[in-house]
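In: Got a predicted model here, sequence first, then my questions.
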Amino acid sequence: MGEKQERTPAEGWLDKATAGIRFGPDRREVRRELEEHLEDKALDFQRIFPGLTEDEAKERAAAEMGDPVEIGKELAKIHRPWLGYLWRASQVLLGLVLLSFLAEVGTLAPHAGIRSDREAEPGWVVEAAFAGQEPVRINNYTLWVEEAALIQGMGELHITWRAASPRFWEMPDGEFSQAWTAVDDRGTVYTSIWDQTWDGERMLPYVGSVQFTGALVWSGEQTVYGVPQEAQWIQINIETGEGTIPVVLEREETQ
Amino acid sequence: MKKRTLSRKEKIARNLLLALCFGFVVWASQGGPMPTAELTFRQMERTRFLARSEIMCTWETPLSVGELGTSSARAVLVGRYTDQIAVGCLFQLNNPFGNRLTLWPREEEITPVPLSALLQGEDGTLFHVLLFLEVPEEAAGAQATITGRIENAKEPVETIQGERWADGVWAFWFPIDSALTTDGDLKYGTKDLEGLPYTLELYRTDGGPLTEQEGTLPENFQPGVIYDPGLYDVLNDILLNQ
């Protein structure tokens, strides 16, 4: 009881043959294969010499397999530890990344775009639709106006923007209000500076910023306030620091 | 037909490739955070449809994340366009959102820019920081005076010595004295320097005067910048009744 069990000669042989393999999983795998080979050999010996016990057969089989120290050296050369550790590290890394991915997977689904103001206000009547021209390219972004509608009686032009970029992970920040100004065919200048939209008596023409949402192709709503009902076109100017890029929206003829 | 088992090297390559792919997706879902202040600033330019500016100056706080309060920017970058200046105030280097970028008109001579974020000193004091850009290279010393600044119901006249951040960029740190707080609830806005008259004095290496510039600090109205118009009414009432 409590005595250390003596290792059999076959087990000792296996210990010596695999001692040089430093990476644990490899050492265990190689030991298992050698042990199977040893057992096959031992069975062969027992068939040839039926009087042999199992341990005697294994001991003889081990002796036949060669010098365990020399074999151990060759096995150590084949099973370098760094490759084993690298493999283990790659498994851990992949596991951590997958956990992060699963934690984020709920946020990866394309967000529903902002519900259009007009969808939220079914009582609104569209005075006129405005159409944008060709898409404009700013930095990596391609920007275009999907639709624009002037709401009757409110002087509000509601614009739906779309944006796309090869850098699909960089959603544009349309809320940078200094980016937006506007002017229309009646000479009205629309500011993006919120603090300059009140002259003490009334609201002044104002162009709001755009909150983009979505994924891959983003969409955003923008409202221009104080647009005359008779306006024929309005030009949205996007500030780039080195000038502005105009996007002209023209009134569509009603049928 | 027996399915071929991947070798260990092939398994390693497969794991690393998968980690790279999934890792990229996770990184992209966060908005593609950048590892440095300059890359973050460039990303801010791109996403705000701004052209690539010439970076004049990059300043980063020496304070660690634990030492820095949440109301203080940890990096300031100044970019130059032909007619405008872009100033980025970064609160988190690896967060593409929540950082602040403002445009200012570029003056013919020296351009003043009040930062739209507070900065924190090593002793924890918060500062309104005023930048002067395109200061002549010959300037060895600089002093800025601002009048009319209202802080915690007081109107200090403050003159501050400047520190050189980069070629042509000088910074003036105006401390916010929290000890003057009367009821502890008065707050200050990051717009406190805007619209105020200033005097900038530059000195040569020998201490002699180089040049002087006076003017009014520009104002930059932007939604999202801390600005409490009601506070100014309260402070003005207090001042008038003193």
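Out: Nice, thanks for sending it over.
In: what about residue B:131, distance to residue B:56?
Out: For residue B:131, the distance to residue B:56 equals 10 Å [Cβ to Cβ, to the nearest Å]. Using the backbone N, CA and C atoms, a C-beta is placed for each residue, glycine as well.
In: ditto for residue A:219
Out: 36 Å.
In: pull the longest helix from chain A.
Out: Once chain A is assigned using DSSP state H, the helix that runs over the most residues is helix A:81-108.
In: So what does the nearest residue to residue A:173 once chain neighbours are set aside look like in phi/psi?
Out: Sequence neighbours aside, residue B:47 is the residue nearest to residue A:173 in space, at 4.4 Å (criterion: Cβ to Cβ, 6 or more residues apart in numbering or on different chains). With angles defined as degrees, to the nearest 10, residue B:47 sits at phi -70, psi -20.
In: go on, residue B:131?
Out: Torsion angles, degrees, to the nearest 10, at residue B:131: phi -100, psi 140.
In: Distance of the closest residue to it other than its chain neighbours relative to residue B:91?
Out: Distances taken as Cβ to Cβ, 6+ apart put residue B:113 closest to residue B:131, at 4.5 Å, once the chain neighbours are dropped. For residue B:113, the distance to residue B:91 (Cβ to Cβ) stands at 18 Å.
In: Same drill for the two, tell me which one is more crowded.
Out: Higher neighbour count among residue B:113 and residue B:91: residue B:113, with 27 against 17, using other Cβ atoms under 10 Å in any protein chain shown.
In: Now for that one: which residues touch it?
Out: B:78, B:85, B:87, B:104, B:130, B:131, B:132, B:133, B:218 (Cβ atoms under 8 Å, 6 or more residues apart in numbering or on different chains).
In: cool, and residue A:165?
Out: A:139, A:140, A:141, A:142, A:172.
In: hmm, back to that, so which of the contacts of residue B:113 belong to helices?
Out: Judged by DSSP H, helices contain none of the contacts of residue B:113.
In: now those as JSON lines including pLDDT?
Out: Formatted as JSON lines, the contacts of residue B:113 follow (pLDDT from 0 to 100):
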{"residue": "B:78", "pLDDT": "96"}
{"residue": "B:85", "pLDDT": "93"}
{"residue": "B:87", "pLDDT": "94"}
{"residue": "B:104", "pLDDT": "91"}
{"residue": "B:130", "pLDDT": "94"}
{"residue": "B:131", "pLDDT": "96"}
{"residue": "B:132", "pLDDT": "97"}
{"residue": "B:133", "pLDDT": "96"}
{"residue": "B:218", "pLDDT": "89"}
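In: Is residue A:15 located within a helix, as I assumed?
Out: Yes - Residue A:15 forms part of a helix when assessed by DSSP: H, G, I helix; E, B strand; the rest coil.
In: Check the spacing between residue B:218 and chain A real quick.
Out: Counting by Cβ to the nearest Cβ, to the nearest Å, the gap from residue B:218 to chain A is 13 Å.
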